[in-house]
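Novice: Need coordinates for the below:
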Amino acid sequence: MQLRVFGRTGLRLSVLGFGCGAVGGFMVRGDPAEQERTVARAIAAGVNYFDTAVQYGNGESEKNLGRVLQKLKPANVVVGTKVRLPPSEYGRVADAVMMSLEGSLARLGLDRVDIFHLHNPITEAGGGSTLSVRQVLDDVVPAFERLREQGKIRFLGMTAVGDTAALHQVIDARVFDSAQVVYNMLNPSAGEELPANYPAQDYGRLFDHSQAAGVGIVGIRVLAGGALSGSLERHPIAGPAPEPIGSALSYDADVDRARRLRPLVEEGFAASLTEAATRFALSHPAMGTILVGMATPQQFEDALAAIEKGPLPRAALERLSALRQPFSGEPR
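Specialist: Predicted coordinates:
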């Protein structure tokens, strides 16, 4: 398993991380014995980053990951979890952040987590479930820093969703060590310019800002919530189709666009769309580790097999770019 330097943290993370999210659902609703076997398999294969959140199954993901890690007792794994502040707590950010982390540590059976990510979307002005740039920098960051001083977290993280301009401002402030960034074959805008009138949020080459700030990148939504399988079918333990998570404002539209990328498979660049999507996410040098959601142990094996083939070659990336060109001008 290739390890990549993770921003300025000094960590070296496996290019494939273990996503414990609710969309795939494996670490929320999966069979406990299968969870243990698959985590053990991941560790044996060299995976060293495990990513969870209290929101995943209302604590079930953290509990299950904690149970498995307590049983296996692996050395040198890196664990990340998250806090999402409800609007009712915006007036007491420090207390709410601390209480959320204490709950997470208890469920995980840990004294500290390596990376603690803010899970709220970030916008210029805030409002609703989003936090403003000022709330993040003036309230959240000092609360996180206190937890770091107390030895309960090692690195400060953020989930880079919300308004692009706001995300750039927060990254450019150089106060976060890690950012979870949306990057997939339907929306590569964190890493490259989008064509004019392309139907997706434009993240404005967020990777450039992250690299300049020394921020490590965790690639998220690399399969666009499952849409990049090209199938509407969902496994029984998977979460409902998420909207929006790829490029379009509906999951069905994302699946439709994904199917239009099938020439990558037909022309021999990859054995499946999900393989192509997994390898695409590795192809940008700014990427630290990617998270691939899973519903079954086999889906983890598929991700591992894709990773072992390495990033997509330049010819595949050029073909992909050509296949995406007709999306421009379509409604989002």
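Novice: Same question for stretch 27-35: list its buried residues.
Specialist: Met27, Val28, Arg29, Gly30, Gln35 (16 or more other C-beta atoms under 10 Å). Where you see a C-beta, it was placed from the backbone N, CA and C, and this is true even at glycine.
Novice: scratch that, stretch 105-123 is what I was asking about
Specialist: Using 16+ other C-beta under 10 Å as the test for burial, stretch 105-123 gives 105, 107-108, 110, 112-123.
Novice: coming back round to it: can you put the buried residues of stretch 27-35 in JSON lines and add secondary structure?
Specialist: As requested, these are exported to JSON lines (DSSP: H, G, I helix; E, B strand; the rest coil):
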{"residue": "Met27", "secondary structure": "helix"}
{"residue": "Val28", "secondary structure": "helix"}
{"residue": "Arg29", "secondary structure": "helix"}
{"residue": "Gly30", "secondary structure": "coil"}
{"residue": "Gln35", "secondary structure": "helix"}
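Novice: Closest to Asn197 out of those?
Specialist: Nearest to Asn197 among the buried residues of stretch 27-35, counting by C-beta to C-beta, is Val28 at 37.9 Å.
Novice: Could you list which of the buried residues of stretch 105-123 belong to strands?
Specialist: Val113, Asp114, Ile115, Phe116, His117, Leu118, Ile122, Thr123 (DSSP state E).
Novice: Can you list the residue ranges for strands in the stretch 1-150 of the chain?
Specialist: 3-5, 12-14, 16-19, 49-51, 78-83, 113-118, 122-123, 131-132 (DSSP state E, counting those that start in this stretch).
Novice: Out of those strands, flag the one nearest Arg221.
Specialist: For those, distance to Arg221 was read as C-beta to C-beta. The smallest value, 10.1 Å, belongs to strand 16-19.
Novice: Which neighbouring elements make contact with the closest one?
Specialist: If you count contacts as 3 or more C-beta pairs under 8 Å, 6 or more residues apart in numbering; DSSP states H and E, strand 16-19 packs onto strand 49-51, strand 289-292, helix 297-309.
Novice: ok, how many other residues are close to Gln2?
Specialist: Counted with other C-beta atoms under 10 Å, residues neighbouring Gln2 total 14.
Novice: ok, for it, nearest residue in space, not its chain neighbours?
Specialist: Nearest in space to Gln2, with sequence neighbours left out and distances taken as C-beta to C-beta, 6 or more residues apart in numbering, is Val15 at 4.8 Å.
Novice: From what I see, the one you found and His284 are in contact.
Specialist: No: using C-beta atoms under 8 Å, Val15 is not in contact with His284, being 11.3 Å away.
Novice: what about the two, which has more around it?
Specialist: Neighbours around Val15 and His284, counted as other C-beta under 10 Å, are more numerous at Val15. The numbers are 22 against 18.
Novice: for that one, what are its contacts?
Specialist: Counting by C-beta atoms under 8 Å, 6 or more residues apart in numbering, Val15 makes contact with Met1, Gln2, Leu3, Arg4, Leu282, Met287, Gly288, Thr289, Ile290, Ile307.
Novice: Buried only: go through the residues you listed for me.
Specialist: Burial by neighbour count, 16+ other C-beta under 10 Å: within the contacts of Val15 this picks out Arg4, Leu282, Met287, Gly288, Thr289, Ile290, Ile307.
Novice: And stretch 75-93, what's buried?
Specialist: Neighbour-count burial for stretch 75-93 flags Val77, Val78, Val79, Gly80, Thr81, Lys82, Val83, Arg84, Leu85, Val93 (criterion: 16+ other C-beta under 10 Å).
Novice: those helices in the stretch 1-150 of the chain, which residues are they?
Specialist: Along the stretch 1-150 of the chain, counting by DSSP state H, counting those that start in this stretch, helices occupy 26-29, 32-44, 60-72, 93-108, 133-135, 141-149.
Novice: any chance of the buried residues of stretch 27-35 in CSV, plus distance to Val255 and pLDDT?
Specialist: Output for the buried residues of stretch 27-35, formatted as CSV (distance: C-beta to C-beta, whole Å; pLDDT from 0 to 100):
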residue, distance to Val255, pLDDT
Met27, 24, 90
Val28, 23, 89
Arg29, 22, 89
Gly30, 24, 89
Gln35, 28, 94
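Novice: Dump those residues into TSV; add distance to Gln150 as well.
Specialist: Compiled in TSV, the buried residues of stretch 27-35 are given as follows (distance: C-beta to C-beta, whole Å):
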residue	distance to Gln150
Met27	27
Val28	29
Arg29	33
Gly30	33
Gln35	30
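Novice: on that earlier part again, pipe the helices and strands packed on strand 16-19 into a markdown table and attach distance to Pro326 per row.
Specialist: Formatted as a markdown table, the helices and strands packed on strand 16-19 follow (distance: least, C-beta to C-beta, whole Å):
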| stretch | distance to Pro326 |
| --- | --- |
| strand 49-51 | 34 |
| strand 289-292 | 27 |
| helix 297-309 | 26 |
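Novice: which one of those lies closest to Ala270?
Specialist: Across the helices and strands packed on strand 16-19, closest to Ala270 is helix 297-309 (C-beta to C-beta), at 7.8 Å.
Novice: and Arg279, what element?
Specialist: helix 273-282 (DSSP states H and E).
Novice: Can you pull out the residues in contact with that helix?
Specialist: Contacts to helix 273-282, defined as C-beta under 8 Å, 6+ apart, come from residues 15, 183-185, 188, 219, 222-224, 228-230, 258, 261-262, 264-265, 269-270, 287, 290, 292, 302-303, 305-307, 309-312, 316-317, 320.
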